[in-house]
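Visitor: My questions are about this predicted structure, shown below with the sequence.
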Amino acid sequence: MAPTKAPAAPSSQNPVVLLWKAYNQQTPDRLKFIDAFLFFLMLSGIIQFAYCVLVTNYPYNAFLSGFASTVGQFVLAASLRSQVNPQNKDEFKEVSPERAFADFALGSIVLHFFVYNFLG
Amino acid sequence: MFYPLALLLLAVTAQASVLTLKSPRFVVSDSTGNQLRAEPYVPALVNTRASSPVKLGARENLKITFQVVDKEDEKGVQPHQTFIRFYDESTGEEGIQPVRVTPGGKAKFDLNLSKPPLYLPPTSDEPLKVSLIIGTPNYDPISAPLFDLVLPRSQPAPVHPDEAVFHPRPELQHTFRPEQKVPNKFISLVFSGIALAPWFVLLGLWSQVAPRATGLFSPSILPFIASLGAFEVLLFTYWVKLRLGDVLLYGGILGVVTVFTGRRALSSIAAKRTQ
């Protein structure tokens, strides 16, 4: 799933910077779109968890539903990204990208339903 | 109309005769036969008792003798039922023993404390009230208090294992978990701001990498997007005011619509992709 490294690069550069450059150059825009969403979900989940640990878990059901919504949505979006990635076409022969998006939409709606139920 | 009158006549003729006791005596003697106390007593048909309580030691013997006779003609009567009753007023325990009466009406009752009989109630320091109960047809019944009897202390009556259940139990004190507090308002606001910050991050990132939404508003795709948006609106409305049955119903209808619009939208995209 990770993009291949750039072939010609000076060895003095930081591998993280190299990775970032390669990612920027080689990932299609649509996948970057989904990646931004994944990053946002991760941030949101971390902040909610930090609040629960630092301040209070008083409406516990609210914390659980919020956290579970970020985690669940992250899982769904990650699976959508892996199924939609053209480089994975051989791995997902019987799942077309449209089918992947339909699954993602259905899963998201069910997840939202349960989250709203638990939110109170 | 004659019925009450007939009953009254019957009651008058049915007035029973009266029994009485002739030469009643009680004797207290010790184990060697010496008489410690012997007196006649006047059997009271109203509530008077013997002069002083009768004390009975551990090895002493109490003997009560009397003869039951008809009051008018002084003939001996053998009653159907003759009992001596020992009653402890403080605890409510009692013991009853039938007395043998000869056909001539003579009765003798023995209480030997060297072999304490089983019918005696548990005794404490309170005296037992002894009374005589006689019942027989055609005569008025007798329930005559005789005297107070002081016996040596015995074991108290055994307490039933379930006795505690029949009295009020001690009150239960519940300890409830203390109420959970809402944290400080300022902290809540600060953290609300921090929690909403990722949205700005997302919008910033998306502004840089947004793919071209060319076909978004074409007539084959827009209904699908609209029905997905309608689902989200439905779920939010469910959170705010709907009930489960309603949301499932609306969701079912909307789901059917979404299936059709989705197939159309996605198949058009697939056609465009595979061209």
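Guide: All right, it came through fine. Numbers count the residues shown, from 1 in each chain, chains lettered A, B, ... in the order given.
Visitor: all contacts plus neighbour counts: C-alpha atoms, from now on.
Guide: OK.
Visitor: Low-confidence ranges, the chain, go.
Guide: Here I'm looking at chain A. For chain A, applying pLDDT under 70 flags the ranges A:1-12.
Visitor: meant chain B actually
Guide: Filtered on pLDDT under 70, chain B yields the residue ranges B:1-2, B:4-16, B:41-51, B:213-217.
Visitor: State the number of residues packed around the closest residue to chain A within the stretch 1-150 of chain B.
Guide: Residue nearest to chain A within the stretch 1-150 of chain B (CA to the nearest CA): B:Thr91, separated by 59.3 Å. Neighbours of B:Thr91 under the rule other CA atoms under 10 Å in any protein chain shown: 14.
Visitor: Provide the backbone phi and psi angles at it.
Guide: Main-chain torsions, B:Thr91, degrees, to the nearest 10: phi -100, psi -10.
Visitor: ok, it - contacts?
Guide: With CA atoms under 8 Å, 6 or more residues apart in numbering or on different chains as the criterion, no residue contacts B:Thr91.
Visitor: roughly how far apart are it and B:Leu151?
Guide: According to CA to CA, to the nearest Å, B:Thr91 stands 15 Å off from B:Leu151.
Visitor: cool, and A:Asp90?
Guide: From A:Asp90 over to B:Leu151 the distance is 108 Å, taken as CA to CA.
Visitor: neighbour-wise, which of the two wins?
Guide: Comparing A:Asp90 with B:Leu151 by other CA under 10 Å, the one with more neighbours is B:Leu151, at 20 against 8.
Visitor: Would you map the helices across the chain?
Guide: Using chain A. Listed in chain order, the helices found in chain A under DSSP state H are A:15-26, A:29-54, A:60-84, A:97-119.
Visitor: Please refer instead to chain B.
Guide: Remark: helices assigned in chain B by DSSP H are B:3-13, B:185-209, B:222-240, B:244-274.
Visitor: Next, the buried residues of the longest one.
Guide: Of all the residues in helix B:244-274, those buried under the rule 16 or more other CA atoms under 10 Å in any protein chain shown are B:247, B:251, B:254-255, B:258, B:261-267, B:269.
Visitor: Out of these, which comes closest to chain A?
Guide: Minimum distance to chain A across those is 5.6 Å, recorded for B:Leu266 (CA to the nearest CA).
Visitor: Not counting sequence-adjacent ones, nearest residue to the closest one?
Guide: Excluding its sequence neighbours, the residue lying closest to B:Leu266 (CA to CA, 6 or more residues apart in numbering or on different chains) is A:Glu98, at 5.6 Å.
Visitor: What is the burial count for B:Val28?
Guide: Look at B:Val28: counted by other CA under 10 Å, it has 23 neighbours.
Visitor: residue contacts, the residue nearest in space to the middle of chain A?
Guide: Chain A has A:Leu38 as the residue nearest its centroid, 2.9 Å off, counting by CA atoms, centre = their mean. A:Leu38 makes contacts with A:Phe74, A:Ala77, A:Ala78, as judged by CA under 8 Å, 6+ apart.
Visitor: could you measure the second one against B:Ala107, distance?
Guide: According to CA to CA, A:Ala77 and B:Ala107 sit 108 Å apart.
Visitor: higher neighbour count, the two?
Guide: Higher neighbour count among A:Ala77 and B:Ala107: A:Ala77, with 22 against 18, using other CA under 10 Å.
Visitor: Point out the residues in chain A that sit beside chain B.
Guide: A:29-30, A:32-33, A:36-37, A:39-41, A:43-44, A:47-48, A:51, A:55-56, A:58, A:98-99, A:102, A:105, A:109, A:112-113, A:116-117, A:120 (CA under 8 Å from any CA of the partner chain).
Visitor: The residue of the stretch 51-200 of chain B found nearest chain A: neighbour count?
Guide: Proximity of the stretch 51-200 of chain B to chain A (CA to the nearest CA) peaks at B:Pro198, 5.6 Å away. Using other CA under 10 Å, B:Pro198 has 20 other residues around it.
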